[in-house]
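Engineer: fold the following, please.
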Amino acid sequence: MDLKLVPQAEPTTSECAALDAVLGAPGSSWEGGARVTGVDGNTSAGGHAARERRHLLLPALWALQERIGWISAGGLNEVCRRLSVPPADAYGVATFYALFALEPRPARVVHVCDDIACRCNGAGELVAQLEERFGAEGDLSDDGSATWYRSPCLGQCDRAPAALVAVAGEEPLDAAQAPTSLDAVLGLLAGGEPTALPAAPVPQTGDALLRLLRRVGRIDPGSLDEYRAHGGYAALRRAVELGPEGVLREVKDSKLVGRGGAAFPTGVKWEAVARQPARPHYLVVNADESEPGTFKDRVVMEGDPFALVEAMTIAAYATGCEKGYVYIRGEYPEALHALEHALGAARQRGFLGEDVMGEGFSFDVEIRRGAGAYICGEETAIFESIEGKRGEPRNKPPFPVEVGLFGKPTVVNNVETLVNVLDVVERSGPSYAEVGTEGSSGTKLLCVSGHVERPGTYEVRFGVTLRELLDLAGGVPGGRALQAVLLGGAAGSFLGPDDLDVPLTFEGARAAGTTLGSGVVLVLDETVDMPRLLMGIAAFFRNESCGQCVPCRVGTVRQQEALARLVAGEARGGVERELALIGEVGQCMRDASICGLGQTASSAVESAIQRLHVFQENPA
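Structural biologist: Presented below is the predicted three-dimensional model:
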């Protein structure tokens, strides 16, 4: 293939070393290695062998980014040479992700969250003070060694405000900082070391009724022995006793549905993959919880990583998956390290690998780190990203259970869904289904943040009301009045003070015209400027749209423009006409967008207009 590389752009020795660590040393001069003499030097292997390495593109780009702080033309040339990827194609992938930089950038970068939950906890003031003391985002420090940028939600809403520091080099450093302050951020920009994070708030720690969170905060998450001493791997042994068919039966009997928002029956999905004759089968864990206000999966991965590894192994055993991938948010360095350690320990002790627990089946897991793209939370966009492409959703059908990752049958579940499986297998499906309600079995993890006394991850039985949850979290602090609750995240809906008796079940949320979504419960008091908050949500969707389909690409822009005119008091044709336009654009996005991003991009905005009467001069 004639790659037509960028002329006169060669990689540095450091960049080549970073790529060698991911891709291995180049085999010939055709891919950047030493010239081979004789006949062998006139030929190059490629075709299927080269295409099969395309999935290494994302890790290779990460290697360059972490080594020098940005991806140079020479570095990108070397990636293309090594993987036989056209430069225009690789450039399109690299520019798709917000955490990658293709222009020179300092080795030290601090990303400061200014999304909803952090704004409720002073991020607006923090950013303003940072601009005054340091300079606008992108400005360099006096010695040119550091800079900062605003960031969408970093998934640290339970301990907001938050920042993420990235330091490039031979031993790169990534660390979340939450809660943070102006002095802390300035210290990081001056070259200071990040501080150790406090434990994630789990207000119910020690509660005997907890199932999914029962070990979080109580055991050393890095100790496999402690995990086993607290019931770990009992579920996998029980699964082997049941056999694959028995596990499928228990999961179906449990009525467990997906916890990522779609609420599809887990047992039906697993059985569909297990019955597919095509091989191999793949298991993909969606740990890219980029929905603003969501952090429950992070809490599980940081506090109980072996639970996810065990649950993945059970799912793979039941569905015949030989290989698993965890697609994790690029903004979750602590969770990434916890999982890497857990996977290594599980392999060493025989719980992963060629012969799991000596039971005659093989399964192993690889981690793929996302790079800042909300759309990659969509299941087929994850496939594209893992395969080394832009994270754009696929049209369905075909569905992932038939044609998924690498074109093979694939199980896709999020972290919370899988961790529920441990309880299902240990207690039996019918016993699990007795908890909760007829249409919503088991327990639910909810991410409570914003203006609330005790933010954190809560585990409740399906059926409690929103009011009961807020009481559990201590309500609004300082005696201030509740203005609204954003349920389900930016893709969810707003509820007002009169809606607090909504039962937190899938059916209860639907009946109330809302959704549980990813489990976000973001509490907003009377001090919040709702019109400007809606502007922020609209800007988020405009920025995160992958641009593949017209309804979403254009609709998210038009929605933000209309809101901007309303906020500025410059409505075209009057407020009612602008609100009607927002409704029409929203309907178009729901009807014609390829994926859930476009289909839900107007949900929160329209619910605020309809339920909270935002912008309406004379609400009914």
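Engineer: what segments of this structure are strands?
Structural biologist: Using DSSP state E, the strands assigned to the chain run over residues 108-113, 146-151, 163-167, 173-177, 281-287, 321-328, 364-369, 410-414, 443-450, 456-461, 482-487, 493-495, 520-525.
Engineer: and Met589, which of the ones you listed is closest to it?
Structural biologist: strand 493-495 (15.1 Å; CB to CB). (Glycine included, C-beta is placed from N, CA and C.)
Engineer: now that closest one: average pLDDT?
Structural biologist: For strand 493-495, mean pLDDT rounds to 97.
Engineer: make 648 the first number, not 1, from now on.
Structural biologist: With the count now opening at 648, the last piece we talked about shows up as strand 1140-1142.
Engineer: contacting residues around Leu1210?
Structural biologist: By CB atoms under 8 Å, 6 or more residues apart in numbering, the contact list for Leu1210 reads Pro1178, Leu1181, Met1182, Ala1185, Ile1229, Val1252.
Engineer: and the gap between the residue lying closest to Ala1159 once chain neighbours are set aside and Asn1060?
Structural biologist: Spatial nearest neighbour of Ala1159, chain neighbours left out: Val1149 (4.6 Å); criterion: CB to CB, 6 or more residues apart in numbering. Val1149 sits 26 Å away from Asn1060, going by CB to CB, to the nearest Å.
Engineer: the two: which is more packed in?
Structural biologist: Asn1060 (26 against 19; other CB atoms under 10 Å).
Engineer: and the more buried one, bridged to which residues?
Structural biologist: According to DSSP bridges, the residues that bridge with Asn1060 are Val932.
Engineer: average pLDDT across the longest helix anywhere in the chain?
Structural biologist: Counting by DSSP state H, the longest helix found in the chain is helix 881-901. In this model, helix 881-901 has an average pLDDT of 98.
Engineer: what does stretch 1255-1267 give?
Structural biologist: Per-residue scores along stretch 1255-1267 average to 80.
Engineer: so, low pLDDT: which residues of the protein?
Structural biologist: Applying pLDDT under 70 to the chain flags the ranges 648-649, 675-695, 1264-1267.
Engineer: please redo it, this time with the cut-off set to 50
Structural biologist: Residue ranges of the chain with pLDDT under 50: 1266-1267.
Engineer: show me the contacts for the residue nearest to Ala1159.
Structural biologist: With CB under 8 Å, 6+ apart, Val1149 has these contacts: Thr1112, Leu1113, Leu1134, Leu1142, Gly1155, Ala1156, Ala1159, Thr1161.
Engineer: out of those residues, who's the most crowded?
Structural biologist: Tallying neighbours with other CB under 10 Å puts Leu1134 at the head of the contacts of Val1149, with 27 neighbours.
Engineer: and it, what does it touch?
Structural biologist: 1113, 1140-1142, 1149, 1156, 1161-1164, 1167-1169.
Engineer: separation between it and Gly1089?
Structural biologist: 19 Å.
Engineer: do a quick rundown of the helices in the stretch 1098-1247 of the chain.
Structural biologist: 1113-1119, 1153-1158, 1177-1191, 1197-1214, 1222-1239, 1243-1247 (DSSP state H, counting those that start in this stretch).
Engineer: which residues sit against the last one?
Structural biologist: Outside of helix 1243-1247, the residues that reach it under the criterion CB under 8 Å, 6+ apart are 908-909, 1021-1022, 1025, 1040, 1138-1139, 1188, 1191-1193, 1196, 1198-1199, 1202-1203, 1236-1237, 1239-1240.
Engineer: one step back: tell me the one among the contacts of Leu1134 nearest to Glu1073.
Structural biologist: Each of the contacts of Leu1134 was checked against Glu1073 using CB to CB; the closest is Leu1163, at 24.9 Å.
Engineer: what are the boundaries of the helices in the stretch 648-797 of the chain?
Structural biologist: Using DSSP H, counting those that start in this stretch, helices in the stretch 648-797 of the chain cover 660-670, 695-698, 704-715, 720-730, 734-741, 763-766, 770-780.
Engineer: that older thread, of the helices of the stretch 1098-1247 of the chain, flag the one that's most buried.
Structural biologist: Ranked by mean neighbour count, those are led by helix 1243-1247 with a mean of 23 (mean count of other CB atoms under 10 Å).
Engineer: next, count neighbours for Val1132.
Structural biologist: With other CB under 10 Å as criterion, Val1132 counts 27.
Engineer: ok, Glu969 next?
Structural biologist: Glu969: 15 surrounding residues under other CB under 10 Å.
Engineer: settle this for me: it is touching Thr960, isn't it.
Structural biologist: No: judged on CB atoms under 8 Å, Glu969 makes no contact with Thr960 at a distance of 11.8 Å.
Engineer: tell me, what's touching these two both at once?
Structural biologist: Contact criterion CB under 8 Å, 6+ apart; residues shared by Glu969 and Thr960: Phe1010.
Engineer: residues contacting Tyr1105?
Structural biologist: Pro850, Gln851, Leu1092, Leu1093, Val1095, Leu1116, Leu1119, Ala1120.
Engineer: equivalent analysis for Gly1000, please.
Structural biologist: Gly1000 makes contact with Arg994, Ser1009, Phe1010, Asp1011 under the criterion CB under 8 Å, 6+ apart.
Engineer: next one: Phe1141
Structural biologist: Applying CB under 8 Å, 6+ apart, we find Phe1141 in contact with Ala1131, Val1132, Leu1133, Leu1134, Ala1251, Ser1254, Ala1255, Arg1258, Leu1259.
Engineer: export the residues you listed to CSV and tack on distance to Glu662?
Structural biologist: Listed next are these as CSV, based on distance: CB to CB, whole Å:
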residue, distance to Glu662
Ala1131, 49
Val1132, 48
Leu1133, 43
Leu1134, 46
Ala1251, 42
Ser1254, 48
Ala1255, 47
Arg1258, 53
Leu1259, 52
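Engineer: what's the farthest-apart pair in those residues?
Structural biologist: Among these, Leu1134 and Leu1259 lie farthest apart (CB to CB), at 12.8 Å.
Engineer: circling back to that earlier point, buried among the contacts of Phe1141? Make that a PyMOL selection.
Structural biologist: This is how PyMOL selects the buried members of those, with burial counted by 16 or more other CB atoms under 10 Å:
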select buried, resi 1131+1132+1133+1134+1251+1254+1255+1258+1259
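Engineer: pick the one among the contacts of Phe1141 closest to Glu1100.
Structural biologist: Closest to Glu1100, out of all of the contacts of Phe1141 and judged by CB to CB, is Val1132, at 14.4 Å.
Engineer: nearest spatial neighbour of that closest one, chain-adjacent residues omitted?
Structural biologist: Closest residue in space to Val1132, ignoring its immediate chain neighbours: Leu1142 at 4.8 Å, by CB to CB, 6+ apart.
Engineer: contacting residues for that neighbour?
Structural biologist: Counting by CB under 8 Å, 6+ apart, Leu1142 has contacts Leu1113, Ala1131, Val1132, Leu1134, Val1149, Ala1159, Thr1161, Ser1254, Arg1258.
Engineer: Trp795 now?
Structural biologist: Taking CB under 8 Å, 6+ apart as the test, what Trp795 contacts is Val756, Val757, His758, Val759, Leu777, Phe781, Glu784, Gly785, Val832, Leu836.
Engineer: please repeat the previous calculation with a cut-off of 6 Å.
Structural biologist: Trp795 makes contact with Val757, Val759, Glu784 under the criterion CB atoms under 6 Å, 6 or more residues apart in numbering.
Engineer: ok, now Pro753?
Structural biologist: Pro753 sits next to Ser792, Ala793, Thr794 when contact means CB under 6 Å, 6+ apart.
Engineer: how far away is the first one from Ala919?
Structural biologist: Right, Ser792. For Ser792, the distance to Ala919 - CB to CB - is 53 Å.
Engineer: could you do Gln1257 as well?
Structural biologist: 37 Å.
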